[in-house]
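# Give me coordinates for this.
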Amino acid sequence: MKKTFMGIKLRKLRAERGMSQIALAQAMGISPSYLNQLEQNQRPFTVSVLLKLNRAMGIDIQEFSEDEEARLLAGLKEALAEAAQPISLPEFQEVASQMPALAQAVIALHRRQHELIGRLESLSLQLGDGRNHDEPMISQPFELVRDFFFSHQNYFDPLDRAAEGLAQQAQAKAPSMKLDAWLEQRLETHGVKVQRDRSAQRSKRHFDPVQFTLTLSAHLEPPQQSFQMATQLALMEFSSLIDDLIKVPPFTKNEPARKLVRVGLANYFAGALLLPYMNFLQAAETLRYDIELLGQLFGVGLETVCHRLSTLQRLGSPGVPFFFVRVDRAGNISKRQSATHFHFSRIGGTCPLWNVYEAFSRPGQILAQLSSMPDGRRYLWIAHTVTHGEAGYGAPRRTFSVGLGCDVRHAHRLVYAKGLDLQSPEAATPIGMGCKVCEREDCPQRAFPFVGRALAVDENQSQSAPYGSLVGQRAGSQKLQ
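Next up, the predicted model:
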């Protein structure tokens, strides 16, 4: 097992709380000399030390996890792929493990740079096409909300427990009543009239704050109607609880982001109400995370099951830490949630060798894939297609591929590991975050060269991979002879 050295982070946290080494050592129940060795990276952090640190300072031990370090490492490699001077892997690891605040700042600057580039490209298009555009040009709020969910490991304890309590209340007061009927009655206590509209084409839920009517699409299945009513209930009955969670930058100053995160948290509440935490977790463990059986048991779709599985990170009762992603045929990621470190690239698309794309050619089937990233980390991914839209000939339909993944060390808990050689690195399919930030030299699916190295072009030979690079030489450093 990898030893964890994070002395700089420990010194920073101690300084922020104004504690001396002696005071913290006494609070943790260890000797001052041992604490000094930890801070000087002369001794590694053990599970026992992390638990003592949690009790003494109330620090989330996730801050000292390998998952967080791996996420920062991936972000740094992407942000500095085009650096003028080569940066070695040990240097990246040192910054990610010892100076996480610096790593986060570099990643944030890189993200801001790409946002500005996107604005310039959009502005150029608008100025060049002769049309008048009044709509906003950027989608930055979406990224802010995604980062907010990731920073909470995709789990919000107050909201989750409130939803679980309401589900128990519904079962206790009306055990024979279906959830959609109970939710409709609950909304009526707030003066809201629920109605269904069969003519609704795109709108699943529309609330009129003047008439106090909630219109649902009649094409929705009962669980989908329950989800939409639970979302509306969250925005009304638990609005203050949601606002308490987002009294942090950037939502205090960015109104579009604030509205978007409120909807996201309301949707989170709805999922937690339909799939109450402990009941769902126990069922998931019993069924070895079989998403089809879980969908049948709780009467919801596979996408809802996968999304809920990515949120099971309650302290003391965690489930498997999953990453959840939804993509379309063009490779666009429309949903991504992660309870752990998996890094979704923001540039250059994703990897065509990832089984989330193979799922489109095998609709209706659940595909399992053991994969490995360039840094050697291995994952178990399952993928399947989902289709949304109204029934009937000629009705518009939307098809996506949904992926659910976890680190290989958790794979044995999943039914999908059956028949896979989890111990053999050779059994894993090599994938990457995207061609532009993937350093694999021998990938036949490469669409773009790796931006971190100079392009190698030899007119006298043709290779299977369309692009080659000069190992050890940075992009832009080649001189014309």
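# Every contact and neighbour count from this point should use C-alpha atoms.
Fine.
# in the stretch 251-400 of the chain, which spans are strands?
313-314, 317-318, 323-327, 333-338, 367-372, 378-389, 397-407 (DSSP state E, counting those that start in this stretch).
# A257 contacts V145, correct?
Yes - under the contact definition of Cα atoms under 8 Å, A257 touches V145, with a separation of 6.8 Å.
# Now do the shared contacts for the two.
With contacts taken as Cα atoms under 8 Å, 6 or more residues apart in numbering, A257 and V145 have no neighbour in common.
# Which residues does the closest residue to I366 other than its chain neighbours form beta bridges with?
Nearest residue to I366 in three dimensions, chain neighbours excluded: H384, at 4.9 Å (Cα to Cα, 6 or more residues apart in numbering). For H384, the beta-bridge partners under DSSP bridges are V402.
# H384: what's it in contact with?
356, 359-360, 363-367, 401-403.
# can we see that at 10 Å?
Listed by Cα atoms under 10 Å, 6 or more residues apart in numbering, the contact set of H384 reads 302-303, 326, 355-360, 362-368, 400-404.
# Is Q85 located within a helix, as I assumed?
No - according to DSSP: H, G, I helix; E, B strand; the rest coil, Q85 belongs to no helix; its state is coil.
# so how many other residues sit close to F212?
A count of nearby residues for F212, using other Cα atoms under 10 Å, gives 14.
# I misspoke; the intended subject was I22.
I22 has 15 nearby residues by other Cα under 10 Å.
# Which of the helices or strands spans it?
Assigned by DSSP states H and E, I22 falls within helix 21-28.
# And the helix or strand just after that helix, how far out from the chain middle?
Where DSSP H and E defines the elements, the next helix or strand beyond helix 21-28 is helix 32-39. With Cα atoms, centre = their mean, to the nearest Å as the basis, helix 32-39 stands 35 Å off its chain's centre.
# by contact count, what packs against helix 32-39?
Helices and strands touching helix 32-39, by 3 or more Cα pairs under 10 Å, 6 or more residues apart in numbering; DSSP states H and E, are helix 7-16, helix 21-28.
# Any chance you could list what contacts the last one?
When contacts are defined by Cα under 10 Å, 6+ apart, helix 21-28 is touched by residues 11, 14-15, 17-20, 29-36, 39, 49-57.
# For PyMOL, what selects the buried ones among those residues?
Selection of buried members from the contacts of helix 21-28 for PyMOL, criterion 16 or more other Cα atoms under 10 Å:
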select buried, resi 11+14+32+35+36+39+49+50+52+53
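# just for the chain, where's the confidence low?
1-6, 59-68, 84, 114-115, 117-140, 200-201, 339-349, 390-392, 451-454, 463-481 (pLDDT under 70).
# quick one on the thing from earlier: any chance of CSV for the strands of the stretch 251-400 of the chain, columns distance to M99?
Formatted as CSV, the strands of the stretch 251-400 of the chain follow (distance: least, Cα to Cα, whole Å):
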stretch, distance to M99
strand 313-314, 26
strand 317-318, 28
strand 323-327, 25
strand 333-338, 23
strand 367-372, 27
strand 378-389, 25
strand 397-407, 25
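# nearest to P444, of the ones you listed?
For the strands of the stretch 251-400 of the chain, proximity to P444 was assessed by Cα to Cα; strand 367-372 is nearest, at 16.0 Å.
# and the angle for the closest one with strand 378-389?
140 degrees (axes from the mean of the first three to the mean of the last three Cα atoms, to 10 degrees).
# who does strand 367-372 touch, helix- and strand-wise?
When contacts are defined as 3+ Cα pairs under 10 Å, 6+ apart, strand 367-372 sits against helix 355-358, strand 378-389, strand 397-407, strand 429-430.
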